[in-house]
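Novice: whatever this is, show me its structure:
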Amino acid sequence: MKFLLRLLFFFVLLGALAGFAVFKHPLAVSRFIPSLPSIERMPLNSEASKILKKGTDKLLVPTGRYVMIDDMPLSLRQAVVAIEDERFYQHGGIDFRGIARAAVDNLMSQNFVEGGSTITQQLARNLFLDPDQTVQRKLTEAFLALQLEDYYQNKNKILELYLNTIYYGRNAWGIASAAKIYFGIEDVSSLNASQAAFLAGLPQSPSYYGANLTAAKNRQKMVIDKMKQLGYLEDNFVNQPLQLKP
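Specialist: Take a look at the predicted model:
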């Protein structure tokens, strides 16, 4: 019964958001959720201990410095997009194709294995919401994702915020902290493609992968394979040995 309800939710969400695509206005979605303030007035998620620096778009995280997107290696950006949201630069915050694919995959597996959340939706959840799997939370997340896309109108800025606020396990919030904790690297720009792929794979289940390096390396291989599939890496790319900190 739970599976059928979850599957029904995805089809309802798809229909609701398809209505937004037709009307091209957030009000088409806002009918389904409580009234929300604009993102500038949304309270930040205190669980992540994030503080919005007044007068800037920068988020200060407790265990690492904020890194601008231009100071991140291209391989890191590509790795994250490849494994988390391959159509990130094509959709407007919600990937209808991804939602439909997730619904089909859940139906075929008879399990709740995919959620279809975009990077923008994940950012909205990380900043403002709790992780509860409820219909209202998912719709709120989608609506906030639309607001974020409209507010920034810059995909790289959204990706920058995501990489600086996502949790990587081992008490590492943000990419600067993750690079230091896992590899002892102070300068994010010096991450190589193998290290980037490793870190990109962690947010799916940070506590698990942070404590299980064998599983994390298997996940890294999935990221590298996906990057090859999308043309971000040559097919003959050889995974470099990882010098992980204990």
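
Novice: I'd say residue 172 and residue 182 touch.
Specialist: Yes: Residue 172 lies in contact with residue 182 (Cβ atoms under 8 Å); the separation is 7.2 Å. Every C-beta, even on glycine, is put in place using the N, C-alpha and C of the backbone.

Novice: which neighbours do these two share?
Specialist: Common neighbours of residue 172 and residue 182, counting by Cβ atoms under 8 Å, 6 or more residues apart in numbering, are absent.

Novice: output stretch 136-148 as PDB, nothing but the C-alphas.
Specialist: Output of stretch 136-148 as PDB, limited to C-alpha atoms (Å, rounded to 0.1, in the frame of the first residue of the first chain):
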ATOM      1  CA  GLN A 136       3.400  18.400   1.100                       C
ATOM      2  CA  ARG A 137       7.100  18.600   1.700                       C
ATOM      3  CA  LYS A 138       7.800  17.400  -1.900                       C
ATOM      4  CA  LEU A 139       5.500  20.000  -3.400                       C
ATOM      5  CA  THR A 140       6.900  22.700  -1.200                       C
ATOM      6  CA  GLU A 141      10.400  21.700  -2.300                       C
ATOM      7  CA  ALA A 142       9.300  21.900  -5.900                       C
ATOM      8  CA  PHE A 143       7.800  25.300  -5.500                       C
ATOM      9  CA  LEU A 144      10.900  26.700  -3.700                       C
ATOM     10  CA  ALA A 145      13.000  25.300  -6.500                       C
ATOM     11  CA  LEU A 146      11.100  27.300  -9.000                       C
ATOM     12  CA  GLN A 147      11.600  30.400  -6.800                       C
ATOM     13  CA  LEU A 148      15.300  29.700  -6.600                       C
END
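
Novice: shouldn't residue 126 be within a strand?
Specialist: No: going by DSSP: H, G, I helix; E, B strand; the rest coil, the assignment for residue 126 is helix, not a strand.

Novice: what sits closest to it if chain neighbours are left out?
Specialist: Using Cβ to Cβ, 6 or more residues apart in numbering and skipping residues adjacent in sequence, the residue nearest residue 126 is residue 165, 5.3 Å away.

Novice: number of nearby residues for that neighbour?
Specialist: Number of residues near residue 165 (other Cβ atoms under 10 Å) recorded here: 22.

Novice: now swap in residue 241 and tell me
Specialist: Residue 241 has 7 nearby residues by other Cβ under 10 Å.

Novice: which residues in this protein form strands?
Specialist: 51-52, 59-60 (DSSP state E).

Novice: worst average pLDDT in those strands?
Specialist: Of all these, the minimum mean pLDDT falls on strand 51-52 (a mean of 45).

Novice: now tell me which helix or strand of this structure has the poorest mean pLDDT.
Specialist: In the chain, no helix or strand scores lower on mean pLDDT, DSSP states H and E than strand 51-52, which sits at a mean of 45.

Novice: so where's this structure uncertain?
Specialist: For the chain, applying pLDDT under 70 flags the ranges 1-64, 98-116, 133.

Novice: let's see 50
Specialist: For the chain, residues meeting the criterion pLDDT under 50 lie at 3-5, 7, 18-30, 32, 47-55, 106, 112-114.

Novice: which stretches in it count as helices?
Specialist: With helices called from DSSP state H, the chain shows them at 2-23, 27-30, 74-84, 96-109, 119-128, 135-152, 155-165, 175-183, 193-201, 206-211, 213-229.

Novice: tabulate these (TSV), appending distance to residue 241.
Specialist: Formatted as TSV, the helices of the chain follow (distance: least, Cβ to Cβ, whole Å):
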stretch	distance to residue 241
helix 2-23	41
helix 27-30	47
helix 74-84	16
helix 96-109	34
helix 119-128	29
helix 135-152	38
helix 155-165	24
helix 175-183	12
helix 193-201	8
helix 206-211	18
helix 213-229	11
